[in-house]
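> pasting the structure only:
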């Protein structure tokens with residue numbers, strides 16, 4: 001293994017009161033491919049360097065307070081059905097794990113239940129794959145009842161797939177009932193049934209959450225405030241940008257998945273228009289499909305948004321690959337990159353002037369409408385707000401209306417259902433109003449007020 005050692009004092013994360021002090025090692029299996037053709041893997045997975053993937057895996061491990069004492073890349077030619085990596089590498093790592101007294105081994109890949117069991121037997125340590133690690137992080141970060149339900153649903157779905165005849169205690173059987181008795185129900189069958197029952201209950205509760213969110217969205221539609229949603233790779237700076245724009249105090253930290261639960265705040269744009277800004281969960285490469293499914297109720301806020309801000313950390317060496325990962329999840333939600341999406345190139349404060357200029361030229365050549373900002377220092381925020389305002393205005397219709405001064409109900413309706421840009425009482429008592437509305441509301445306004 002191409003190992004990377006860590007100084008126990010300088011590189012070790014501070015442990016929270018609830019966190020453990022488990023000594024761990026992070027293993028990055030890297031499959032060398034000659035080309036994309038016939039590999040069955042998307043190009044973005046191949047483009048990301050193994051060193052960057054290892055750094056990300058270390059960040060994930062540290063996010064749950066694991067003391068990473070060693071980490072390294074394990075090149076593999078083919079995936080072994082029994083242990084994922086080759087026998088020689090398993091034996092090599094066994095010696096390292098024993099000598100360093102490792103308690104947890106993080107494998108940055110998706111392991112089958114059999115592979116996980118075999119590696120735990122060979123190494124005498126707990127083995128956690130990428131999916132299990134991300135689920136553990138989500139479980140610790142979720143603060144609301146909804147978030148906890150979503151994480152539990154994903155975790156149980158994952159755990160259910162682990163219930164195979166791999167552990168002997170699951171093969172014991174309990175006595176049957178009735179006159180004939182019989183072999184009864186095995187522990188494995190009991191565990192699977194209990195998990196399925198719990199999943200069904202959680203799905204019922206999440207369905208209620210989905211209906212409640214839909215009611216909230218319907219009520220927001222009655223208020224003429226556009227929705228602007230923040231999406232992006234984890235640790236791209238979404239929460240920092242959210243705090244900068246709204247002056248809120250959402251947790252923002254230099255860690256993966258610092259925040260999970262969505263937060264919404266009202267925001268006044270430079271020319272007086274008001275929007276609702278929504279901060280959402282960060283994405284990551286190889287995000288477990290169970291998590292995408294579980295968080296669909298939350299992510300539907302993104303689907304319903306008028307404008308989506310795709311926040312990117314342009315200072316990161318794998319920024320382009322991270323961007324592709326985010327777009328993959330967005331497509332799973334039915335969102336195609338287009339006029340609805342504004343790319344926000346964050347953390348430009350980490351770049352020198354020459355690099356910033358080069359990025360600007362790249363954006364122009366790619367035909368992107370990107371805005372370079374620093375959520376930390378505030379650089380570029382005014383331009384971003386103007387871009388948001390312009391994008392919203394381009395999707396809405398401005399109408400000039402003249403109402404009878406006695407039509408109080410009509411004036412009130414316009415205030416509730418449109419954005420009133422100007423209002424003046426004429427000498428004859430009539431009321432001149434300039435309003436802005438989305439396409440659906442604009443048609444209603446025309447029909448009702450003969451605009």
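Cool, got the structure. Treat the numbers as computed from the prediction; the structure is a model and nothing was measured.

> Just the element for residue 27, please.
strand 23-31 (DSSP states H and E).

> So which elements touch that strand?
helix 50-63, strand 67-76, helix 87-99, strand 104-107 (3 or more CB pairs under 8 Å, 6 or more residues apart in numbering; DSSP states H and E). Bear in mind the C-beta positions are built from the backbone N, C-alpha and C, glycine included.

> Return the list of strands paired to the last one, each annotated with direction.
Same thing as strand 104-107. Using DSSP bridges, the strands paired with strand 104-107 are strand 23-31 (parallel), strand 126-129 (parallel).

> buried sites along the longest one?
Spelled out, that is strand 23-31. Across strand 23-31, burial judged by 16 or more other CB atoms under 10 Å covers 23, 24, 25, 26, 27, 28, 29, 30, 31.

> contacting residues around it?
Identification of contacts with strand 23-31 by CB atoms under 8 Å, 6 or more residues apart in numbering yields 1, 50, 53-54, 57-58, 61, 66-79, 84-85, 93, 96-97, 100-109.

> what is the orientation angle of it with strand 67-76?
Here strand 23-31 points in a direction 20 degrees away from that of strand 67-76 (axes from the mean of the first three to the mean of the last three CA atoms, to 10 degrees).

> got the angle for strand 23-31 vs helix 50-63?
With the same axes, to 10 degrees as the basis, strand 23-31 and helix 50-63 are set at 150 degrees to each other.

> quick one: the spatially closest residue to residue 132 that is not a sequence neighbour from residue 195, how far?
Among residues not flanking residue 132 along the chain, residue 158 sits closest, at 6.9 Å (CB to CB, 6 or more residues apart in numbering). For residue 158, the distance to residue 195 equals 10 Å [CB to CB, to the nearest Å].

> ditto for residue 316
Distance of residue 316 to residue 195, computed by CB to CB: 38 Å.

> same question, residue 413
51 Å.

> cool, residue 382 as well?
From residue 382 to residue 195 the distance is 52 Å (CB to CB).

> Now do the end-to-end distance for stretch 70-86.
Length of stretch 70-86, first residue to last, CA to CA, to the nearest Å: 20 Å.

> cool, and stretch 369-383?
End-to-end distance for stretch 369-383: 12 Å, by CA to CA.

> What lies in contact with it?
Contact with stretch 369-383 is made by 237, 240-241, 243-245, 270, 314, 342-349, 356, 359-360, 363, 384, 387, as judged by CB under 8 Å, 6+ apart.

> Just list whatever residues bridge to the nearest residue to residue 116 once chain neighbours are set aside.
Once flanking residues are discounted, residue 116 sits nearest to residue 127: 5.3 Å by CB to CB, 6+ apart. Per DSSP bridges, the residues bridged to residue 127 are residue 105.

> And the closest residue in space to residue 53 that isn't next to it in sequence, how close does it get to residue 158?
Distances taken as CB to CB, 6+ apart put residue 28 closest to residue 53, at 5.7 Å, once the chain neighbours are dropped. Distance of residue 28 to residue 158, given as CB to CB: 21 Å.

> helix or strand for the residue lying farthest from the centre of the chain, which one?
Distance from the C-alpha centroid of the chain peaks at residue 428, with 56.0 Å (CA atoms, centre = their mean). Using DSSP H and E, residue 428 sits within no helix or strand.

> Distance of it relative to residue 412?
Distance from residue 428 to residue 412, counting by CB to CB: 21 Å.

> Could you do residue 132 as well?
Counting by CB to CB - residue 132 and residue 412 are separated by 55 Å.
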